[in-house]
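Chemist: Just a sequence and a predicted model for now, questions to come.
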Amino acid sequence: MAVPLDNVDSMIDDEREDMGEEMSSSESEQDDIRLAEPSKNAVYNRDAIIDKLGDISWPESVEWIHKLSIDVDQEQEVDVNDDLARELAFYTQALEGTRQAFEKLQSMGLPFLRPADYYAEMVKTDGHMEKVKGRLLAEKRKMEEAEERRKAREAKRLAKEIQAQKLKERAKQKKEDIESVKKWRKQRQQSGFADTGNDADADAAFDFEDGKVFQRSNKKRPGVAPGDRSGGKARQAFGKGKKQKKRDIKNSKFGFGGKKGLKKQNTADTTNDYGKFKKRAFSENKKRKR
Amino acid sequence: MGRKRKRSESSELVARPKKEDAAPERPARTLLGWKDKNQVTDEVEDSNVHSPIFRNKEKVLVTCSRRISYRYRHLMLNLVSLLPHCKKDNKVESKETKGATLNELVELKNCSSCLFFECRKQKDLYLWMGKCPNGPSVKFLVSAVHTMEELKLTGNHLKGSRPLLTFSSNFEKDAHWKLLKEMLLQIFEIPKDHRKAKPFHDHVFVFSIVDDHIWFRNYQISVHHNESDKLPRGGLDKMTLIEVGPRFCLNPIKIFGGSFGGPTLYQNPFYVSPNQIRALEKKKKAGKFAKKVKAKTKRKMHEMANPLEPDEFADMWKD
């Protein structure tokens, strides 16, 4: 055999290949390292390989249907470390090959894909496929949930912004109003209270509309105890059934629950209300003390 | 009946005239016509002769070494489920003489090729791919293994349907790639009319050389069926592939002339064994302390060699 000769030949060949490789990807495989340059004592007995190939290979004239093999051109060098590109290359190779095979098989009039009503044992069991499906569904659900969360967050952010805007506007409005009143007062002062007749009206106009802003509304709120500032929300957890409802209404009417302290507090009205004041009682007390 | 047929075929392929004589009284079969022709041209040994009678009778013995890890065993079982023309055998002790035992086993099982998964140190998987009984055989290092059980691989296909094989064009680049292609083709293609094979083609194997490794992928071919149509029409454009698995990547190490032995025909000049890689890593780590010590002594030597000048202001503020 012409081993040494062959070796020299292969060395040159290998070196050429090596150059190409180093150009394409400056070796950084994650799990397997390779020699930077071909080892010198590598064997490459090309003749013998070709001989062996001749020995084992099927005869030339074997029909394609026996082989079902298709060669597909790789368009460009694939970067091994780029997972996505690599898998895409494999995928396109498979797809291209399938297309060609499909055409060949069709031209031969042979069945290609499994008909929908052909049931037979599959490579993966039904149990396994169930698992796969479950996983896919779980993944989908997860994505949807994440999407929802994201949306909610976005909405919240937007609402906050709007709220801030509103508050700002309100403050501005208030400021403007106060400004205008001040201006008007100044103007009036400068003009020397020219129209005293209208004074009362004007002041009244700037008074609060009904004059009892700080008064508690006397409206009966069904289901809400008097003095309950939460508006009945605190009790809502219990409110169940017809009986409970009735009870609530009665409570709101006659008073039960809620904070007692609030009911007993004085407000501006009660302090100013001398209607029920019993002068006698106090004087009697004083007398007793003495 | 299947048994009978098999026997007759074997006689044809090996061209043993004795068996040939025993067979002919069988009832008229469609293949009877060419059988006569074969008898006539047996001695000529022409490729033309083979073409009409060619019958792929490949049988693959699949086995593994003892102490294989579960992941690699699963990979092997996946391949067994993909290849209905294979025979699985017990684990084989991986010794120096495993070649002889394997050859024996293959012969005992009447197989013509062999896939032997050899696991070393519970982490390195080597795949021997051999044509028996007279070679060649290849030893690969297997990496990037994903088994079919992984839930990310969502495809599924018929068990035993014949795969379409696609090879990337760079298999024609060099002699050893050509040889490997031929071996892969013979081992992975299910023989036509195999009794366990199903008559449809719903998956495709990819063998692609990237970075001097052979990458393997298995995809299911799926085409949208029309409700009424049994056969898909115009499926060419709507065809999609879904990966079924397994995945692995083969790094050829050596090609031997014989089966599990013999003269080395090819040796990968770039190959570094995983043992060496690990040793290198260890060495890198181990060198840390030695380096420190070395640096220290060096520094000391340096200080000894160049003593500082006595400081003239040293005791200026002493009193």
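Modeler: Looks like it came in fine.
Chemist: What are the boundaries of the helices in the stretch 1-150 of chain A?
Modeler: A:3-24, A:46-56, A:64-67, A:83-108, A:126-190 (DSSP state H, counting those that start in this stretch).
Chemist: my bad, should have said chain B
Modeler: B:2-14, B:17-22, B:32-41, B:47-53, B:70-82, B:98-108, B:175-188, B:235-238, B:274-305 (DSSP state H).
Chemist: Tell me if I'm right that A:M122 and B:G160 touch.
Modeler: No: using Cβ atoms under 8 Å as the test, A:M122 is too far from B:G160 to be in contact (9.8 Å). In this view, the C-beta of every residue, glycine as well, is placed from N, C-alpha and C.
Chemist: follow-up on the earlier one: the helices of the stretch 1-150 of chain A: which one's closest to chain B?
Modeler: In terms of Cβ to the nearest Cβ, the element of the helices of the stretch 1-150 of chain A nearest to chain B is helix A:83-108, at 3.2 Å.
Chemist: So which other helices or strands are in contact with the closest one?
Modeler: strand A:69-72, strand B:164-168, strand B:203-210, strand B:213-222, helix B:235-238, strand B:240-243 (3 or more Cβ pairs under 8 Å, 6 or more residues apart in numbering or on different chains; DSSP states H and E).
Chemist: Report the rounded mean pLDDT for that helix.
Modeler: For helix A:83-108, the mean pLDDT works out to 90.
Chemist: With stretch B:200-212 instead?
Modeler: Mean predicted lDDT for stretch B:200-212 stands at 91.
Chemist: do stretch B:169-186 as well
Modeler: Rounded mean pLDDT across stretch B:169-186 is 92.
Chemist: Say whether chain A is contacted by it.
Modeler: Yes: counting by Cβ under 8 Å from any Cβ of the partner chain, chain A is contacted by stretch B:169-186 at B:169-172, B:174-176, B:178-179, B:182-183, B:185-186.
Chemist: what residue ranges in chain A score low on pLDDT?
Modeler: Residues of chain A that meet the criterion pLDDT under 70 lie in A:1-33, A:194-241, A:256-261, A:263, A:276-290.
Chemist: Nearest residue to B:L241 in space, ignoring adjacent ones along the chain?
Modeler: B:Y219 (3.9 Å; Cβ to Cβ, 6 or more residues apart in numbering or on different chains).
Chemist: who in the stretch 201-319 of chain B is up against chain A?
Modeler: Counting by Cβ under 8 Å from any Cβ, the stretch 201-319 of chain B sits next to chain A at B:201-202, B:204, B:206, B:208, B:210-213, B:215, B:217, B:219, B:221, B:223, B:225, B:230-232, B:235-236, B:239, B:241, B:244, B:251, B:255, B:257, B:263-272, B:274, B:277, B:280.
Chemist: try it again with 6 Å
Modeler: Residues of the stretch 201-319 of chain B lying close to chain A by Cβ under 6 Å from any Cβ of the partner chain are B:201-202, B:204, B:206, B:208, B:210-211, B:217, B:219, B:221, B:225, B:230, B:232, B:236, B:241, B:264-267, B:269-270, B:272, B:277.
Chemist: Separate out the buried members of these.
Modeler: B:201-202, B:204, B:206, B:208, B:210-211, B:217, B:219, B:221, B:225, B:232, B:241, B:265-267, B:269-270, B:272 (16 or more other Cβ atoms under 10 Å in any protein chain shown).
Chemist: Just give me the neighbour total for residue 180.
Modeler: Assuming you mean chain A. 10 (other Cβ atoms under 10 Å in any protein chain shown).
Chemist: that answer is for a different chain, and I need it for chain B
Modeler: 26.
Chemist: One more: the one 5 residues further on?
Modeler: Look at B:L185: counted by other Cβ under 10 Å, it has 20 neighbours.
Chemist: got a list of what it touches?
Modeler: A:S69 (Cβ atoms under 6 Å, 6 or more residues apart in numbering or on different chains).
Chemist: make it 7 Å
Modeler: For B:L185, the contacting residues are A:K67, A:S69, B:L165, by Cβ atoms under 7 Å, 6 or more residues apart in numbering or on different chains.
Chemist: okay, now the first one: neighbour count?
Modeler: By the other Cβ under 10 Å criterion, the neighbourhood of A:K67 contains 16 residues.
Chemist: re earlier: of the contacts of B:L185, closest to A:R247?
Modeler: B:L165 (81.0 Å; Cβ to Cβ).
Chemist: how close does the closest one get to chain A?
Modeler: 4 Å (Cβ to the nearest Cβ, to the nearest Å).
Chemist: My guess is B:E107 contacts B:P133. True?
Modeler: Yes: using Cβ atoms under 7 Å, B:E107 makes contact with B:P133 at a distance of 6.4 Å.
Chemist: Can you report how many residues neighbour residue 103?
Modeler: Picking chain A for this. 11.
Chemist: actually it's chain B I care about, not the one you picked
Modeler: 19.
Chemist: now do A:Y44
Modeler: Neighbours of A:Y44 (other Cβ under 10 Å): 26.
Chemist: pLDDT below threshold where in the stretch 151-300 of chain B?
Modeler: B:224-237.
Chemist: for A:A85, what are its contacts?
Modeler: Here A:A85 is in contact with A:V78, A:D79 (Cβ under 7 Å, 6+ apart).
Chemist: Could you check how far it is from B:N218?
Modeler: 20 Å (Cβ to Cβ, to the nearest Å).
Chemist: on that earlier part again, selection in PyMOL covering whichever of the residues of stretch B:169-186 next to chain A are buried, please.
Modeler: Buried members of those, defined by 16+ other Cβ under 10 Å, are picked up in PyMOL with:
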select buried, chain B and resi 170+171+174+175+176+178+179+182+183+185+186
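Chemist: Report how many residues lie close to residue 188.
Modeler: Assuming you mean chain A. 14.
Chemist: please go with chain B instead
Modeler: With other Cβ under 10 Å as criterion, B:F188 counts 22.
Chemist: dump the residue contacts of it.
Modeler: B:L83, B:L165, B:F205.
Chemist: Also B:D211?
Modeler: A:V80.
Chemist: quick check, distance from stretch B:116-126 to the centre of its chain.
Modeler: 13 Å (Cα atoms, centre = their mean, to the nearest Å).
Chemist: typo on my end, it should be stretch B:165-177
Modeler: The answer for stretch B:165-177 is 15 Å, by Cα atoms, centre = their mean.
Chemist: residue ranges of the strands in the stretch 151-290 of chain A, please?
Modeler: For the stretch 151-290 of chain A, applying DSSP state E, counting those that start in this stretch gives no strands.
Chemist: which residues of it fall in helices?
Modeler: Counting by DSSP H, counting those that start in this stretch, the helices of the stretch 151-290 of chain A are A:199-206, A:241-254, A:260-264, A:268-272, A:279-289.
Chemist: Could you report the neighbour count for B:M148?
Modeler: Around B:M148 there are 23 residues (other Cβ under 10 Å).
Chemist: quick one: it and B:F248 touch, right?
Modeler: No: counting by Cβ under 7 Å, B:M148 stays clear of B:F248, with 11.1 Å between them.
Chemist: intersection of neighbour lists for those two?
Modeler: Counting by Cβ under 7 Å, 6+ apart, nothing touches both B:M148 and B:F248.
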